[in-house]
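1. Fold the stuff below for me.
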Amino acid sequence: MSAVVTAFNWTFERGIDLEACIAAFEYLSDGDAKSLQRALRRNQGVADDDGGSVMVGPGYWDARCRAVVRYVRWRAGAAMHKLVRTEAEDPPAYLYTMAERQLEKFADGMLSGIPKPDEFETLGLDERQLAILRDAIEPGSTTNPFEKKHQFRNFALILTLYELGTRKGEALGLMKQDLSLHGPEPTIDIHRRQNNPDDPRARPPAAKTRARRLPISLALAHVLDVWLTEHNNDDERYPGAKRHGYVFVSELGRPIAESTVEAMFVTLRTKVEGLPPWTTAHRLRHSFNDRLSEAIDDQPDNVLREGVEQRMRNFLNGWSKTSEQGEHYRQRFIKEKAGSLLLRLQKLSAEGNSRS
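-> This next block holds a predicted model:
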């Protein structure tokens, strides 16, 4: 929907009535389609340090353009359905054919030229990059790029994403009542709160996955407790934070917006040496699954029965019990294991032990 909104804003600024164009089977020109395509590449509401646009990755860019094409196809379908299709030479049938061709031409223009994501892209941050990230978010660290007054808030939020592998929307939707931080077994509850009337954000974050209770380390529980008791309730630093129950807040004390978190990661990847340009909150979810794969791999073969690994991963990530989504998040781990096995085979071959 955000992509469709961007498309309507773009056409409105240029005096184009998109709905009228669709109804008249007059789609955007090639030049306008390419211009709209470029607009959909910009990360709305996020700017770099120089005030310039921040671009989304090719995969997200492609998804945005396809969303707009799907919307136009849907609206065009309603208009084309009114045309009577009889014989090919009849005017309505001819008009239907021409409209269909123009629609396909528009779709081709919107989707062509978008680079494909690197097939060999590393999805999660490796150990060196994670170490750099952990040092950069530590309050008071010499590599910490954030304002001093917000360093602990950013530390608590990013550490939560790192430790639990939750989606950004799940972390931003956390309320104080979801946290059980005291005692020997602290936990965090992930809830789905779509259309919460008490959420004042223009674009409320949503938990796309299943509700679940996750155990957390004593270290993370301590960090969150310090954040809530010593920082979040500081009226001078975060005025208004006591008026609602959300855990993470903006500098005005309101529930923090997704754009603010995106800006945090823009700051990290542009100001911290050693972090890749694709460092985002969602990459930490991939990194979490890499670490989970390594932990599972360290278990003796007789500890986890067949299928248990998948069920554990699905629960921790909030997927359905039968979801195959985990395969997508295990790519880096699988590639590393495959690479290690290949080197082992080559070593055996070099030593004359291969069975060819």
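2. Could you find the closest non-adjacent residue to the residue nearest in space to the middle of the chain?
-> Most central in the chain under C-alpha atoms, centre = their mean is His282, positioned 4.5 Å from the mean C-alpha point. In space, His282 comes closest to Lys168 once its chain neighbours are excluded; the distance is 6.8 Å by C-beta to C-beta, 6 or more residues apart in numbering. (C-beta placed from N, C-alpha, C; glycine too.)
3. hang on, isn't the residue nearest to the centre of the chain packed against Thr166?
-> No. Applying C-beta atoms under 8 Å, one finds His282 not in contact with Thr166, separated by 10.5 Å.
4. Asp235 and Ser2: what is the separation?
-> With distances taken as C-beta to C-beta, to the nearest Å, Asp235 is found 34 Å from Ser2.
5. go on, Ala79?
-> Per C-beta to C-beta, Ala79 is found 24 Å from Ser2.
6. The two: which is more packed in?
-> Comparing Ala79 with Ser2 by other C-beta atoms under 10 Å, the one with more neighbours is Ala79, at 14 against 11.
7. My reading is that that one lies in a helix. Confirm?
-> Yes. Counting by DSSP: H, G, I helix; E, B strand; the rest coil, Ala79 is part of a helix.
8. please renumber so the chain begins at 48
-> Let's use 48 as the start, then, which means that last one is Ala126.
9. Show the backbone phi and psi for the closest residue to it other than its chain neighbours.
-> Once flanking residues are discounted, Ala126 sits nearest to Ala70: 5.0 Å by C-beta to C-beta, 6+ apart. Main-chain torsions, Ala70, degrees, to the nearest 10: phi -60, psi -30.
10. Quick check, pLDDT for Ala70.
-> You'll see Ala70 listed with a pLDDT of 82.
11. burial count for the nearest residue to Arg250 once chain neighbours are set aside?
-> Nearest-residue entry for Arg250: Glu305, 6.5 Å, with adjacent residues in sequence omitted and distances by C-beta to C-beta, 6+ apart. Counted with other C-beta under 10 Å, residues neighbouring Glu305 total 18.
12. The host helix or strand of Leu339: which residues count as buried?
-> For Leu339, the element it lies in under DSSP states H and E is helix 328-344. Within helix 328-344, the residues scored as buried using 16 or more other C-beta atoms under 10 Å are 328, 330-340, 343.
13. what would those look like in CSV with pLDDT and distance to Phe362?
-> Shown next, in CSV, are these (pLDDT from 0 to 100; distance: C-beta to C-beta, whole Å):
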residue, pLDDT, distance to Phe362
Ala328, 90, 21
Arg330, 88, 22
Leu331, 90, 19
Arg332, 88, 15
His333, 85, 18
Ser334, 87, 19
Phe335, 86, 13
Asn336, 83, 13
Asp337, 82, 18
Arg338, 83, 16
Leu339, 80, 11
Ser340, 77, 15
Ile343, 74, 13
